[in-house]
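1. give me a model of this one.
(chains A and B)
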Amino acid sequence: MEAIKNIYKYRELLKTNVKKEIRGKYKNSILGVLWSFLNPLLQIIVYAVVFQVILKNPKEHYVVFLCAGLIPWNFFSTSLSRGAFTFIENGNIIKKVYFPREIMPISIVTSEAINFMISTIIILGFAIGEGLGVSYYIVFYPIILIIQYIFTLGVTFIVSSISVYIRDLQHLIGVALQLLFYATPIVFASEAIPNSLRWIININPMAYIINAYRDIFYNQTMPDFTMLTLILIFSITLCIIGYMIFHKLQKGFAEEL
Amino acid sequence: MQLEKNDKIIVEHVYKSFNVYMDKANTIKEKLLFFKRNKKQKREILKDINLNIKEGEAVALIGVNGSGKSTLLKLMTKIIYPNKGKITTKGKLTSLLELGAGFHPDFSGRENIYFNASIFGLTKKEIDERLNKIIEFSELGSFIDNPVRTYSSGMYMRLAFSVAINVNAEILLIDEILSVGDQHFQEKCFKKMEELKNEGKTMVLVTHSMESVKQLCTRAIWLSDGQVRLDGPTDEVVSEYIKATT
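-> Predicted structure coming up:
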């Protein structure tokens, strides 16, 4: 409770920080914030060329299928890889002034969530362009987004605070994310995985989240709400545990950095 | 100990020590390979400090280098935490430990006022109300809309000081910053601090300038080897301190 009150008190800092994260990232580039739109678009084109043109993936509307997986994944992976650096990057502020340290990971995840919402236009654009259209199941989008937000925040709390003490984590996180990328049905469907390896997908919370997005954008069916509820409960628990780990570790930040 | 009505800062049995690494190993590889490098020395900075600072007091922390003044100040702002003991503060607190924290060089002075002031916990509305006062105090004039990276170091410090002094905190923690800008601006800062003192703000000041201690503070605390050596009216403590160090 104390934590929430504190964050509310510092809401202006959170707001300016999120703004800084979004605008500052592209401050001196010519296209500016447009990059947060252009980046995933180009990425999708690369993957589409590799998997559809070269590897001849027969899936119908593969681009839409890919978008609905890749763009939510980017939200998760960018939050994490940037989160791992956040306290180290901001070391000189942390050593100098007091403010609730949780503001930093929260503003990273929030700014990435906003980026994600902007890039969702790409999914919709391809869905319409490919003639698949948009179904009314899209009303569930905010629910899935919130679940993913809580999950991502929980993981980011843990990664960001541990990486202050063990700097290896920053380098490890890149490889780990790449591994996780292929352990999540992003460029392929869950069904494409051989039964012997299916358990990897089954224990991967991101797989359920991605599949839920895919249900509303690509399959245009009702997402699996029993599963999503379980993921929500899991995410909240993870977020609380993550916060507790963070809270314990943050007391030493100024001395470690 | 219960916080009494006009108590602003209570320090109870505070101990703080730092691990001093001879050569710090930051990665697992280094930790395993060069475990000798991890030789650390525990250095006790503060030993059993007890203080009680009341509302409206202007307190100076004096002592030679390494006596733990700045560490005590950092503990009060909650940048670092004590190993043992407890520190309680009441009311909005601003530390002028390091100025310009959170400045983003690519953004304009005006935008940076918002960044910096929000670190002190101000809301947008509160910053809007103070914006003109801050800009006026900084004497930056039309430079305020230029990116901060184009500022000279004096201009940078002036802007930072103006933000910090105008956040309307009840407790001000100040670490050796009366060296901001040129003579004219220094005098202005000093006057502003006297003004704040007269308004009944609580101040804790770390400085080596005995002149400003005498002018600004009513109480002085002399730290020596991490312990309180003397605590009392400024004149007494300062003259004892000068006697002992010269």
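2. could you use CA atoms for every contact and neighbour count after this?
-> Noted.
3. list the contacts of B:Asn65.
-> Contacts here follow Cα atoms under 8 Å, 6 or more residues apart in numbering or on different chains; on that basis B:Asn65 touches nothing.
4. tell me if it really is in a helix.
-> No: using DSSP: H, G, I helix; E, B strand; the rest coil, the assignment for B:Asn65 is coil, not a helix.
5. can you report phi and psi for it?
-> With angles defined as degrees, to the nearest 10, B:Asn65 sits at phi -60, psi 140.
6. look up how far B:Ile9 lies from it.
-> As for B:Asn65, its distance to B:Ile9 is 23 Å (criterion: Cα to Cα, to the nearest Å).
7. please save the CA atoms from the helix or strand bottoming out on mean pLDDT in chain B in PDB.
-> Ranked by mean pLDDT, DSSP states H and E, the helix or strand of chain B with the weakest confidence is helix B:28-33, at a mean of 70. This file holds the C-alpha atoms of helix B:28-33, laid out as PDB (Å, rounded to 0.1, in the frame of the first residue of the first chain):
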ATOM      1  CA  ILE B  28      30.500 -13.800 -12.100                       C
ATOM      2  CA  LYS B  29      33.600 -14.700 -14.000                       C
ATOM      3  CA  GLU B  30      35.600 -12.200 -12.100                       C
ATOM      4  CA  LYS B  31      34.100 -13.200  -8.800                       C
ATOM      5  CA  LEU B  32      35.200 -16.800  -9.500                       C
ATOM      6  CA  LEU B  33      38.500 -16.300 -11.100                       C
END
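8. packing partners for it?
-> With contacts defined as 3 or more Cα pairs under 8 Å, 6 or more residues apart in numbering or on different chains; DSSP states H and E, helix B:28-33 has no helix or strand neighbours.
9. three-state assignment of B:Asp231?
-> For B:Asp231, the assignment made with three-state DSSP gives strand.
10. so it is in contact with B:Ala220, correct?
-> Yes: the pair B:Asp231 / B:Ala220 is scored as a contact, 5.9 Å apart, by Cα atoms under 8 Å.
11. more neighbours, these two?
-> Set side by side, B:Asp231 and B:Ala220 show more neighbours around B:Ala220, with 25 against 17, by other Cα atoms under 10 Å in any protein chain shown.
12. which strand or helix spans the more buried one?
-> In the assignment (DSSP states H and E), B:Ala220 maps to strand B:219-224.
13. and the contacts of that strand?
-> For strand B:219-224, using Cα under 8 Å, 6+ apart, the contacting residues are B:57-64, B:67-69, B:213, B:228-234, B:237-238, B:241.
14. what mean pLDDT does that strand have?
-> Averaged over strand B:219-224, pLDDT sits at 89.
15. what pairs with it, and is each one parallel or antiparallel?
-> Looking at strand B:219-224 with DSSP bridges, its partner strands are strand B:58-62 (parallel), strand B:227-233 (antiparallel).
16. identify the contacts common to B:Asp231 and B:Ala220.
-> Shared contacts of B:Asp231 and B:Ala220, defined by Cα under 8 Å, 6+ apart, comprise B:Val237.
17. list the contacts of A:Ser235.
-> Counting by Cα under 8 Å, 6+ apart, A:Ser235 touches A:Ile147, A:Ile150, A:Phe151, A:Gly154.
18. quick one: which of these sit in helices?
-> Using DSSP state H, the subset of those located in helices is A:Ile147, A:Ile150, A:Phe151, A:Gly154.
19. the helix or strand hosting B:Leu72: how far from the chain's middle?
-> Using DSSP H and E, B:Leu72 sits in helix B:69-77. Per Cα atoms, centre = their mean, to the nearest Å, the displacement of helix B:69-77 from the mean C-alpha position of its chain is 7 Å.
20. picking up where we left off before, ok, of the ones in helices among the contacts of A:Ser235, which come out buried?
-> Buried members of the ones in helices among the contacts of A:Ser235, scored by 16 or more other Cα atoms under 10 Å in any protein chain shown, are A:Ile147, A:Ile150, A:Phe151, A:Gly154.
21. run a quick check on the third one versus A:Ile233, I expect a contact.
-> No: counting by Cα under 8 Å, A:Phe151 does not reach A:Ile233; the two are 9.7 Å apart.
22. so which bits of the stretch 151-257 of chain A are right by chain B?
-> Residues of the stretch 151-257 of chain A lying close to chain B by Cα under 8 Å from any Cα of the partner chain are A:Tyr165, A:Ile166, A:Arg167, A:Asp168, A:Lys251, A:Gly252, A:Phe253, A:Ala254, A:Glu255.
23. assign B:Ser95 to helix, strand or coil.
-> Taking three-state DSSP, the label given to B:Ser95 is strand.
24. my read: it touches B:Ile174, true?
-> Yes: contact criterion Cα under 8 Å: B:Ser95 and B:Ile174 qualify, at 6.0 Å.
25. residues contacting stretch A:241-257, please?
-> Contact with stretch A:241-257 is made by A:88, A:91, A:94-95, A:101, A:154-158, A:161-162, A:164-165, B:79-81, as judged by Cα under 8 Å, 6+ apart.
26. let's see it at 7 Å
-> Outside stretch A:241-257, the residues that touch it by Cα atoms under 7 Å, 6 or more residues apart in numbering or on different chains are A:88, A:91, A:94-95, A:154-155, A:157-158, A:161, A:164-165, B:79-81.
27. cool, and stretch B:90-109?
-> Residues outside stretch B:90-109 that contact it (Cα under 7 Å, 6+ apart): A:93, A:96, B:8-9, B:77, B:112, B:115-116, B:120, B:144-149, B:157, B:160-161, B:164, B:169-175.
28. can you tell me the distance between the two ends of it?
-> With Cα to Cα, one end of stretch B:90-109 sits 31 Å from the other.
29. residue boundaries of the helices in chain B?
-> B:28-33, B:69-77, B:109-119, B:124-138, B:153-165, B:183-198, B:210-216, B:234-245.
30. would you mind putting those into a markdown table with mean neighbour count alongside?
-> Converted to a markdown table, the helices of chain B look like this (neighbours: other Cα atoms under 10 Å in any protein chain shown):
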| stretch | mean neighbour count |
| --- | --- |
| helix B:28-33 | 13 |
| helix B:69-77 | 22 |
| helix B:109-119 | 24 |
| helix B:124-138 | 16 |
| helix B:153-165 | 21 |
| helix B:183-198 | 15 |
| helix B:210-216 | 16 |
| helix B:234-245 | 15 |
